[in-house]
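Colleague: Let's see this in three dimensions:
(one chain, ligands or ions: 1)
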Amino acid sequence: MDRPPSDQIVCVVGAGYVGLVTGICLADSGRTVHLVEIEPRRLELLRSGRCPIHEPGLEEMLRRLQAAGRVHVTGDLAVGVRDAGIVMIAVGTPPTEDGEADLSQVRDAVASAGANAARGAVIAVKSTIPPGTTASMVGSRLAAGFPLVSCPEFLREGSAIHDFNNPTRIVVGGADRTACDRVAALFEHLGAPVIVTDSTSAEMVKYGTNTFLALKISFINEIAHLCELTGAEVSAVADGMGMDPRVGRAFLNAGLGFGGSCFPKDVRALEAAAAEHGHSFWMLKSAIEVNLMQRRRFVAKVREAVGGSLDGTRLGVLGLAFKPGTDDLRQAPALDVIRHLEKMGATVTATDPAALEGARPLLAGTRLVTEAYECVRGTDAVVLVTEWPEYRDLDWARVGQTVARRIVVDGRNCLDGAELARLGFAYHSVGRRPSLPD
Ligand SMILES: NC(=O)c1ccc[n+]([C@@H]2O[C@H](COP(=O)([O-])OP(=O)(O)OC[C@H]3O[C@@H](n4cnc5c(N)ncnc54)[C@H](O)[C@@H]3O)[C@@H](O)[C@H]2O)c1
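Modeller: Below you'll find the predicted structure:
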């Protein structure tokens, strides 16, 4: 009789932001990892030891672990899964036109893994999939009789290695307890609390977490708007609220709202899943509306800051990625904001430390430059969209020498307004009174 495959060998299907980090970090903990990727550009880069995504520290680890023979990259799923005791599915679940999660990549990957994995292997889905998906795949025998479990991922881009190695909890769900325990054992060395439950609950934990955080962001943005109307300062309000442990300070930063590949898509997907079950999830509808409105309000704020019309103005936009530390432009507020500013007559120059290459095809009419000082030269206003530390640390006195007008509109409340006012800037932010020069 064949020996069951070893759980020391893990196959990760899909080498994107989640799969690549998961695979490399598992290899770093002593496993042998087979990374399967079908996208030719990503595959070629990975084969030559280069990281196809911007994630601090990841490329160095990839090279080290490839050299040590612990990470193997392949484009052939059948080869990747062959000896693996655990197959992790980390493919994309992008939104459909209607906002539902497109599960075709997950279903294809599970079916291919089911057709090729060794008897005794466990298939674990790391991708974010709506509650009930794993159970339905087990029911449809898509996994060809293999134990199928849900093991949602909570890492954040930009601090993904740290997050992987310091999880707040490990959640594994499935009908087969032994299979769940084998997947949980992969993370045992990290010392996090483990929740083993059914697959639908595990999937719901992921959606509940992401959508709750999105709600928090939209909530504080509504409070910020009310602060502007009443004269309160949202930073002080958020600090005061956040000191209450029942509320918590995290995700209470007012600003341009949420973007990226997860929050917008997951909020819409859970709302769609609720609708499918005949339930209108009103809070999620509101969170989406508020998030979009926040971008419009910001564009209006820029318009007011330059004197009421954007027509013929020159603007320098700092930051394109949806957040610092990543090159990810999926649902990035910057894209929406820049398109609106341009539609209203502004000429925009923009910059970003990591996302310029990806932005080129998305912002055809925008001048994109690598240097922040070059970006703001001769502009009527500096518009900060992504709070990269390098923008906080700019020599703002030097910026003041190069701009046409000293106006800053800070969409992330990350700059020192009093200092900027001292340097002669009119400083506008979100939910706070403007700081104006004497
Ligand atoms: N990005 C995040 O911060 C994050 C965090 C937690 C959870 N998630 C979830 O994890 C999942 C993956 O997200 P991501 O951001 O890594 O996506 P991604 O698009 O960056 O990566 C997915 C990768 O899978 C590859 N792929 C698709 N089908 C394949 C197949 N059959 N064989 C091999 N490779 C295949 C794609 O080419 C792509 O490179 C999504 O469900 C997402 O919601 C993402």
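
Colleague: tell me the contacts of the residue in the stretch 301-438 of the chain that the ligand sits nearest to?
Modeller: Per C-beta to the nearest ligand atom, residue 328 is where the stretch 301-438 of the chain lies closest to the ligand, at 7.0 Å. C-betas here are computed from N, CA, C, even on glycine. Residue 328 is in contact with 17, 53, 54, 157, 260, 261, 321, 322, 355, counting by C-beta atoms under 8 Å, 6 or more residues apart in numbering.

Colleague: Name only those of those residues that count as buried.
Modeller: 17, 53, 54, 157, 260, 261, 321, 322, 355 (16 or more other C-beta atoms under 10 Å).

Colleague: would you list those residues in TSV and tack on distance to residue 435, secondary structure and pLDDT?
Modeller: Output for those, formatted as TSV (distance: C-beta to C-beta, whole Å; DSSP: H, G, I helix; E, B strand; the rest coil; pLDDT from 0 to 100):
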residue	distance to residue 435	secondary structure	pLDDT
17	37	helix	94
53	37	coil	93
54	33	coil	90
157	31	coil	91
260	29	coil	93
261	34	coil	87
321	26	coil	97
322	27	coil	96
355	29	coil	97
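
Colleague: Looking at those, which is nearest residue 94?
Modeller: For the buried ones among the contacts of residue 328, the closest approach to residue 94 (C-beta to C-beta) belongs to residue 261, at 8.0 Å.

Colleague: Contact partners for the residue lying closest to that closest one once chain neighbours are set aside?
Modeller: Spatial nearest neighbour of residue 261, chain neighbours left out: residue 330 (4.1 Å); criterion: C-beta to C-beta, 6 or more residues apart in numbering. For residue 330, the contact set (C-beta under 8 Å, 6+ apart) comprises 259, 260, 261, 322.

Colleague: Next up, the contacts around the third one.
Modeller: The reference is to residue 261. If you count contacts by C-beta under 8 Å, 6+ apart, then residue 261 has 17, 157, 322, 328, 330, 331 around it.

Colleague: wait, which of those residues is closest to residue 138?
Modeller: residue 17 (26.7 Å).

Colleague: if I pick the closest one, what's in contact with it?
Modeller: 53, 55, 157, 160, 261, 326, 328.

Colleague: try residue 420
Modeller: Residue 420 touches 396, 408, 427, 435, counting by C-beta under 8 Å, 6+ apart.

Colleague: Strands of the stretch 151-300 of the chain, residue ranges please.
Modeller: Listed in chain order, the strands of the stretch 151-300 of the chain (DSSP state E, counting those that start in this stretch) span 170-173, 194-197.

Colleague: circling back to that earlier point, from the contacts of residue 330, which are also near the ligand?
Modeller: When contact is defined as C-beta under 6 Å from any ligand atom, those meet the ligand at residue 261.

Colleague: With distance to residue 210 as new columns, can the contacts of residue 330 be given to me in a markdown table?
Modeller: Formatted as a markdown table, those follow (distance: C-beta to C-beta, whole Å):
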| residue | distance to residue 210 |
| --- | --- |
| 259 | 13 |
| 260 | 10 |
| 261 | 11 |
| 322 | 14 |
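
Colleague: Residue numbers of this structure in contact with the ligand?
Modeller: Counting by C-beta under 6 Å from any ligand atom, the chain sits next to the ligand at 13-19, 36-39, 42, 77, 90-93, 105, 108-109, 127-128, 153, 155, 157, 261-262.

Colleague: Just the buried residues from these, in ChimeraX please.
Modeller: A single ChimeraX command selects the buried members of those (16+ other C-beta under 10 Å):
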select :13,14,15,16,17,18,19,36,37,38,42,77,90,91,92,93,105,108,109,127,128,153,155,157,261,262
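
Colleague: Restricted to helices, list the residues of the chain next to the ligand.
Modeller: 17, 18, 19, 42, 77, 105, 108, 109 (DSSP state H).

Colleague: out of everything not next to it in sequence, what's closest to residue 381?
Modeller: residue 407 is the one closest to residue 381 (C-beta to C-beta, 6+ apart), at 4.0 Å.
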